[in-house]
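output the structure for:
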Amino acid sequence: MTAPFDLRTVFLVGSCTTMLAVLTFVALHRMYARALPALHAYALAMLCTATALALGALRNSLPEWAGFVASNALVSVGSVLVFEGTRRLFGKSTPQAWLAALIAAGALLWIWFGNEPTEVRQRVITMSAMQFAFSAAIALIILRAPEFGRLPYVRALFVFFAAFGSINLARGLHALFDAQVLRDSVFAPNPLQLAFGVFFALSPIAFALLIQMVLHARISSELHRRATTDDLTGLLSRGHFFDLVREELQRPSNGGRVRHLLMIDLDHFKSINDLHGHSAGDQALQHAARVLQDALGHHGLLGRYGGEEFCALIVSNSPAAAEYVVERMHKGLESAPLLIDSARLRLTASIGTVPVAGPDSLERALVLADQCVYRAKTEGRNRVVRFGVTEAEPVV
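Alright, predicted model coming up:
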């Protein structure tokens, strides 16, 4: 059977494209500073792989130790470095001693195999088993990463390593059960060997592009998080909260759907900062956010308005249901003291609540809710003032 092109040429082209992957990882250093340890490992891994591909392609023109021992050892080193780079990419690392042991074990294994051309089948089976093992380990790291469920490119990276491992497994099994397939050379012209050669030669540049996409997706996700989430409390940011409120208010209020806008102002918050320090104040805000969010549950939206103020939108089927949620938020905060060192801080809030009908009435509702909070403060704090209730009508 005659191959449409020589596998040595494929490997030589793959060496060149793998050097492009090296340059890609080096270029990404400045753009993705947080991923530097992973990028360093990946760049070195691709350099090893590019050198191995070049040595393999030029095997007949080089000393046998370079074409067999050195090229296979470099592929093993590259696999170890890709494994470690992926661990670092997802916030883990391997002790240096373990890495050195893996690299040394791989080198010793290929030195033991030597450079006897007739042992090509045994070398292919061993290399395929190693590549499959590393691919499976890397795929498992990706599968367990928190970003696996959130970022599509992380899942694409998982698919890449699953495919790479599967092809190596197929290649190894083929060599194991067909003694004639690689009788003469690793460059034997058979379809599976050709498919593996093309995939192995082109996979480094595809891998580099996938890693770049993963890092870009991380930055995009982080920028979105910062734009929509309050860093201290984890609640919705003020801008994002009101964007979501406007979306909710544009929906038809079928089936008796009612909405109430709440302004929530922690009482005596300044005294917490003055007596216990700003760190305690931050803890108080975080504690209040957790308690209020737990009390609100799935009945609406909660965001940080600014300082010690929070905003909420309660969506319910009746005013009575909304009243129940408001009271749960009010009483929940009062009954959940915050422990700071030996101090037991009792947090309370002044809450103003206003029914809101549509997006056009949002600004007016916000003003009225703020007036309700002011009335709650003047009446002694730690209470709910509802707009429209005669005995608790806001002052202007």
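
would you map the helices across the stretch 251-396 of the chain?
Along the stretch 251-396 of the chain, counting by DSSP state H, counting those that start in this stretch, helices occupy 269-276, 278-296, 319-334, 362-378.

which stretch in these is the model least sure about?
Here the lowest mean pLDDT among the helices of the stretch 251-396 of the chain goes to helix 269-276, at a mean of 89.

in that helix, which residues are buried?
Neighbour-count burial for helix 269-276, counted by 16 or more other CB atoms under 10 Å, picks out Phe269, Ile272, His276. In this view, the C-beta of every residue, glycine as well, is placed from N, C-alpha and C.

likewise stretch 143-153?
Ala145, Glu147, Leu151, Tyr153.

related to what we said a few turns ago, nearest to Asp341, of the buried residues of helix 269-276?
His276 (8.2 Å; CB to CB).

residues in contact with the closest one?
Neighbour list for His276: Ile340, Ala343, Leu345 [criterion: CB atoms under 8 Å, 6 or more residues apart in numbering].

tell me the pLDDT of the last one.
Looking at Leu345, its pLDDT stands at 88.

nearest spatial neighbour of it, skipping sequence neighbours?
Leu338 (4.4 Å; CB to CB, 6 or more residues apart in numbering).

state the distance from that neighbour to Asn60.
75 Å (CB to CB, to the nearest Å).

what about the nearest residue to Arg246 once chain neighbours are set aside, how many neighbours?
In space, and not counting its chain neighbours, Arg246 is closest to Pro359: 4.8 Å by CB to CB, 6+ apart. Per other CB atoms under 10 Å, the neighbour tally for Pro359 reads 14.

same question for Thr348.
Neighbours of Thr348 (other CB under 10 Å): 15.

swap in the one 3 residues further on?
Other residues lying near Ile351 total 26 when counted by other CB under 10 Å.

quick check: it touching Ala376?
Yes - using CB atoms under 8 Å, Ile351 is in contact with Ala376, at 6.5 Å.

flag the shaky bits of this protein, pLDDT-wise.
Applying pLDDT under 70 to the chain flags the ranges 1-5, 117-118, 179-193, 254-255, 388-396.

mind redoing it with 80?
Within the chain, the ranges that satisfy pLDDT under 80 run 1-8, 59-62, 64-65, 67, 114-121, 178-197, 253-256, 341-342, 359, 388-396.

ok, longest helix in it?
Longest helix of the chain, by residue count under DSSP state H: helix 191-228.

show the subsequent helix or strand relative to that helix.
helix 238-249 (DSSP states H and E).

between helix 362-378 and that next one, find me the angle.
Put simply, helix 238-249 runs at 120 degrees to helix 362-378, going by axes from the mean of the first three to the mean of the last three CA atoms, to 10 degrees.

ok, Pro319 - contacts?
Taking CB under 8 Å, 6+ apart, we find Pro319 in contact with Val258, Pro355.

what's the separation between it and Leu244?
When Pro319 is compared with Leu244 (using CB to CB), they lie 22 Å apart.

circling back: Leu338 and Asn60 - which one has more neighbours?
Leu338 (19 against 10).

distance of the more buried one from Ser279?
12 Å.

same check on Arg328?
Applying CB to CB to Arg328 and Ser279 gives a distance of 29 Å.

ditto for Val75
52 Å.

those two: which is more packed in?
Neighbours were counted for Val75 and for Ser279 using other CB under 10 Å; Val75 has more, 23 against 10.

what are the ranges of the helices in the stretch 1-150 of the chain?
7-27, 36-57, 64-65, 71-89, 96-113, 120-144.

still on that earlier bit, I'd say the residue nearest to Arg246 and Leu249 touch.
Yes - using CB under 8 Å, Pro359 is in contact with Leu249, at 4.5 Å.

turn the contacts of His276 into CSV, columns for neighbour count and distance to Phe164.
Formatted as CSV, the contacts of His276 follow (neighbours: other CB atoms under 10 Å; distance: CB to CB, whole Å):
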residue, neighbour count, distance to Phe164
Ile340, 17, 52
Ala343, 12, 57
Leu345, 17, 55
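
now, which of those residues sits nearest His299?
Looking across the contacts of His276 and measuring by CB to CB, the closest to His299 is Leu345, at 26.7 Å.

so how many other residues sit close to Asn168?
Asn168, neighbours per other CB under 10 Å, totals 24.

which residue, neighbours along the chain excluded, lies closest to it?
The shortest distance from Asn168 to any non-neighbouring residue, by CB to CB, 6+ apart, is to Gln131 (4.0 Å).

ok, Asn72 next?
Nearest to Asn72 is Trp110, by CB to CB, 6+ apart, at 4.4 Å.

pull the CA atoms of stretch 213-228 into CSV?
Provided in CSV are the C-alpha atoms of stretch 213-228 (Å, rounded to 0.1, in the frame of the first residue of the first chain):
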residue,chain,number,x,y,z
MET,A,213,-9.5,30.3,24.0
VAL,A,214,-9.7,28.9,27.5
LEU,A,215,-7.7,31.8,28.9
HIS,A,216,-9.7,34.3,26.9
ALA,A,217,-12.9,32.8,28.1
ARG,A,218,-11.6,33.1,31.7
ILE,A,219,-10.9,36.8,31.3
SER,A,220,-14.3,37.4,29.7
SER,A,221,-16.0,35.5,32.5
GLU,A,222,-14.0,37.4,35.1
LEU,A,223,-14.9,40.8,33.5
HIS,A,224,-18.5,39.8,33.4
ARG,A,225,-18.4,38.7,37.0
ARG,A,226,-16.8,42.0,38.0
ALA,A,227,-19.4,44.0,36.1
THR,A,228,-22.4,42.1,37.5
